[in-house]
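Asker: any chance you can model this:
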Amino acid sequence: MDKQFDLVTVCFGDELRLLELQARSIRLYVRPAMVANIILIINDRCFEEVQRYIEEKVYPEYGPLAALVRVFSYKDLTNGSFKKLGWRSQQALKLLAANVVEADEYVVLDCKNHFIRELKPENIWSEDGRLLASFTPVYERFRLDYINACSYFDLDPALYQATTLTSVTPFALYKSDVKDLILHMECTLRKNFVEIFMAGPRVTEFYLYYAFLIARYNTATIRYARSSRAAIALMSKQQNDYTEAKRRVELAQQKLYHTFGVHRAVFRRRDPEVLDLVFGVWQRFKLVKDLSEARYFAAAPFLRSNFFMALYNKLLKRKVLMNRG
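Answerer: Coordinates of the predicted model:
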């Protein structure tokens, strides 16, 4: 049998329609023979409602690949030990996913990532069997996270900052290395990995993984072959920057890009010119049939439980402020 990988997406209520669109893109552009499992990890306290949405709306979009889908709650991977859910818990879950994936390698996606061209084996693995990855200098925004990650393994961050593994999704990881990373940190620090990641010095999941690879192999190229970046995305900074958004959309027309991503902040901002660019990409690559469907996927779904949770948090915050006054 040819090599296979698991696909892993950590999701939550507000991005379920983007996950729905992702499922469609996987059906359209990912060769079924390459995928062993599709793992969905729900990073949301409203597990039952989110799971029900996935079963009713997301499963059908996978088509025949729906048989490969396995759904987990964050509690399944952490024994419910997260005190707060959000971006940090999402990062931790991408690493903890190594405990539930079955393939030797897994590709992490965010809900915002959508395939726009056929994904082939040569887009994942080099001729010698290593995973492909692009290497970039440390992102300035996450420099402290990178330095903190290096400190866990007594590395001099200055020696490796010029060519780190890219720190954005899609990101392919080796299950064995991730599991060994978690084990090493728990044994060294004598704490649960969730506690280390959530309460320790701030790190990003991918810089932590990269630092571990350097500590173990002295170079990431033992495991990864250099490749051009095959993903393009509109991030939160592009939500009101039409010029940069247009530049990135034009880049998506180049054949080397296989995924196109849109951060949910772009949809919250609702800049009509930027949204037109996004919807144009979706239509061009057959992800949506018309503008009405594009608008549907761009809108966050209404989940009753999330509505009441948000209302509760708002009232709680107001009560705290009143008590302080």
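
Asker: closest to the centroid, which residue in the protein?
Answerer: Geometric centre of the chain, nearest residue: D110, 2.9 Å, by C-alpha atoms, centre = their mean.

Asker: I41 belongs to a strand?
Answerer: Yes. Assignment of I41 by DSSP: H, G, I helix; E, B strand; the rest coil places it within a strand.

Asker: where does the chain have low pLDDT?
Answerer: For the chain, the stretches flagged by pLDDT under 70 are 1, 302-325.

Asker: and for the residue nearest to T136 when sequence neighbours are not counted, the neighbour number?
Answerer: Excluding its sequence neighbours, the residue lying closest to T136 (C-beta to C-beta, 6 or more residues apart in numbering) is T166, at 5.1 Å. No exception for glycine: its C-beta is placed from N, CA and C like everyone else's. Residues lying near T166 (other C-beta atoms under 10 Å) number 17.

Asker: residues contacting T166?
Answerer: Applying C-beta atoms under 8 Å, 6 or more residues apart in numbering, we find T166 in contact with A133, S134, F135, T136, F206, R229.

Asker: got JSON lines for those residues, with distance to R17, neighbour count and secondary structure too?
Answerer: Formatted as JSON lines, these follow (distance: C-beta to C-beta, whole Å; neighbours: other C-beta atoms under 10 Å; DSSP: H, G, I helix; E, B strand; the rest coil):
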{"residue": "A133", "distance to R17": "29", "neighbour count": "22", "secondary structure": "strand"}
{"residue": "S134", "distance to R17": "29", "neighbour count": "15", "secondary structure": "coil"}
{"residue": "F135", "distance to R17": "33", "neighbour count": "16", "secondary structure": "strand"}
{"residue": "T136", "distance to R17": "30", "neighbour count": "14", "secondary structure": "strand"}
{"residue": "F206", "distance to R17": "26", "neighbour count": "24", "secondary structure": "helix"}
{"residue": "R229", "distance to R17": "26", "neighbour count": "14", "secondary structure": "coil"}
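
Asker: find the pair from those residues with maximum spatial separation.
Answerer: Across the contacts of T166, the longest distance by C-beta to C-beta is 13.8 Å; it joins F206 and R229.

Asker: the residue nearest to the centre of the chain: what's it in contact with?
Answerer: T9, V10, T169, G261.

Asker: who touches the one helix or strand the second one maps to?
Answerer: Read that as V10. Element membership for V10, per DSSP states H and E: strand 5-11. Contacts to strand 5-11, defined as C-beta under 8 Å, 6+ apart, come from residues 19, 22, 26, 30, 34-44, 50, 54, 90, 93-94, 97, 101-111, 124, 172.

Asker: restricted to strands, list the residues you listed.
Answerer: 35-42, 105-109, 172 (DSSP state E).

Asker: include distance to S292 when you put those into CSV, please.
Answerer: Below are the ones in strands among the contacts of strand 5-11 laid out as CSV (distance: C-beta to C-beta, whole Å):
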residue, distance to S292
V35, 30
A36, 35
N37, 33
I38, 28
I39, 31
L40, 26
I41, 31
I42, 28
E105, 38
Y106, 35
V107, 31
V108, 31
L109, 26
A172, 35
